[in-house]
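Visitor: Provide a 3D model corresponding to the input given below.
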Amino acid sequence: PLALLNPSAPAVDPASLTLALFHFEGADGSNTFTDSSPVPHTYTTGAPSTTKLATAISKFGGASLSTSTGITDGIIWYGSLATLGNSDWTAEGWFYQSASSSQHRGLFMLYGDSSKVPVTVYLKSRILYAGIHFAAESFVSFSHQTTTPLTTFTHWALVRYNGVITLYLNGVASTATISASTKSLRTHSFINISLAFDVPGNIGYGLNGYQDEFRFRKEAVYTADFTPPTAPFTF
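Guide: Have a look, this model is predicted:
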C-alpha cells in the first residue's frame with residue numbers, strides 16, 4: 001500500500017521533551033537531588049553544607065532546595081541537556097528570596113566554552129534578569145518590569161517561542177524581550193540550578209533562599225500570560 005511507502009513520522013512522546021525535572025523532595029539536610037526527567041542525570045554540589053534539601057519551607061510537597069550565596073552553591077551536572085540550536089524551549093521554577101541584594105543571585109544557567117553563558121537567569125536588587133549568548137554574537141541581557149517579592153514563593157519562566165525570548169514573572173510576560181529570530185544558542189557543557197553568572201566570565205553566586213520545582217523542556221510551554229501552576233510539574 002502507498003501508506004507503507006510513505007509512512008508518517010512517529011508521534012513525539014511528550015515526556016521526552018522534558019530534559020530536566022526536579023521536585024526537590026527528600027530528607028532535611030540531604031544532598032541527594034533527584035532528576036525526575038525521562039533520562040535522569042546526576043546533579044551534585046560543591047557546597048554540601050549550604051546547598052541541601054530543607055523541609056522548613058516549600059511550595060509543594062514537604063521540601064525545597066536551600067542555597068546560600070557562595071560561588072560554589074547550587075547544583076550542577078556536567079553535560080549537555082540537548083542541542084538546543086534555534087529550537088523553542090522553556091526553563092521555569094519557583095524561587096523564594098530571603099533578602100534583597102545588589103549582588104546577583106542565581107536561579108539557572110547553561111554554561112559553555114570559553115567562559116560563555118548561553119542562558120542565565122538571576123535576581124539583582126529584586127529584579128529578575130535573563131541573559132542570552134547566541135553563537136558568534138555578543139551576550140545580551142534584559143529584565144522584567146516588576147519588582148520581585150521577598151520571603152514568598154514566586155514563579156519564573158524564560159521561554160523561547162517563535163523567534164522571541166520572553167521572561168515571565170508569576171505568569172506575566174516581560175515588556176522587554178530578545179529577538180532571537182533563527183539564531184542558534186552557543187553550545188553548553190554544563191547546567192547550574194540556583195547558581196548563575198550575570199555576565200559571561202563573571203563569578204557566579206547562589207540564591208540566598210530556596211527553589212522548589214524546576215523544569216526545562218524543549219518546547220514553548222507558555223506563549224502568552226498565564227496562571228502559574230497550582231501543582232508540582234509533570235513531564
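Visitor: what helix or strand is residue 227 on?
Guide: Using DSSP states H and E, residue 227 sits within no helix or strand.
Visitor: Distance check, it against residue 92.
Guide: 13 Å (C-beta to C-beta, to the nearest Å). (Each C-beta comes from the backbone N, C-alpha and C, glycine too.)
Visitor: what's the answer for residue 224, then?
Guide: As judged by C-beta to C-beta, residue 224 and residue 92 stand 15 Å apart.
Visitor: who's more crowded, residue 227 and residue 92?
Guide: Using other C-beta atoms under 10 Å, the more surrounded residue of residue 227 and residue 92 is residue 92, with 23 against 8.
Visitor: That one touches residue 167, doesn't it?
Guide: No - using C-beta atoms under 8 Å, residue 92 makes no contact with residue 167, being 10.6 Å away.
Visitor: Can you check which residues contact both of the two?
Guide: Taking C-beta atoms under 8 Å, 6 or more residues apart in numbering as the contact definition, residue 92 and residue 167 share the neighbouring residues 156, 157, 158.
Visitor: who's in contact with the second one?
Guide: Taking C-beta under 8 Å, 6+ apart as the definition of contact, the neighbours of residue 157 are 90, 91, 92, 167, 168, 221, 222.
Visitor: ditto for residue 94
Guide: When contacts are counted by C-beta under 8 Å, 6+ apart, residue 94 is found next to 59, 153, 154, 155, 156, 211, 212, 213.
Visitor: Remind me which helix or strand it belongs to.
Guide: Assigned by DSSP H and E, residue 94 belongs to strand 89-97.
Visitor: What sits closest to residue 193 if chain neighbours are left out?
Guide: Closest residue to residue 193 in three dimensions, ignoring its sequence neighbours and counting by C-beta to C-beta, 6 or more residues apart in numbering: residue 75, at 5.1 Å.
Visitor: Relative to residue 139, how far out is the one you found?
Guide: Residue 75 sits 24 Å away from residue 139 when distances are taken as C-beta to C-beta.
Visitor: picking up where we left off before, show me which of the shared contacts of residue 92 and residue 167 is closest to residue 190.
Guide: residue 158 (17.7 Å; C-beta to C-beta).
Visitor: Contact partners for that closest one?
Guide: The neighbourhood of residue 158, defined by C-beta under 8 Å, 6+ apart, consists of 90, 91, 92, 108, 119, 121, 130, 165, 166, 167, 168.
Visitor: swap the cut-off to 7 Å and go again
Guide: For residue 158, the contacting residues are 91, 121, 130, 165, 167, by C-beta atoms under 7 Å, 6 or more residues apart in numbering.
Visitor: which residues does the first one form a beta bridge with?
Guide: Residue 91 forms beta bridges with residue 158, residue 216, as assigned by DSSP bridges.
Visitor: right, and it touches residue 216 too?
Guide: Yes - taking contact to mean C-beta atoms under 7 Å, the distance of 4.9 Å between residue 91 and residue 216 places them in contact.
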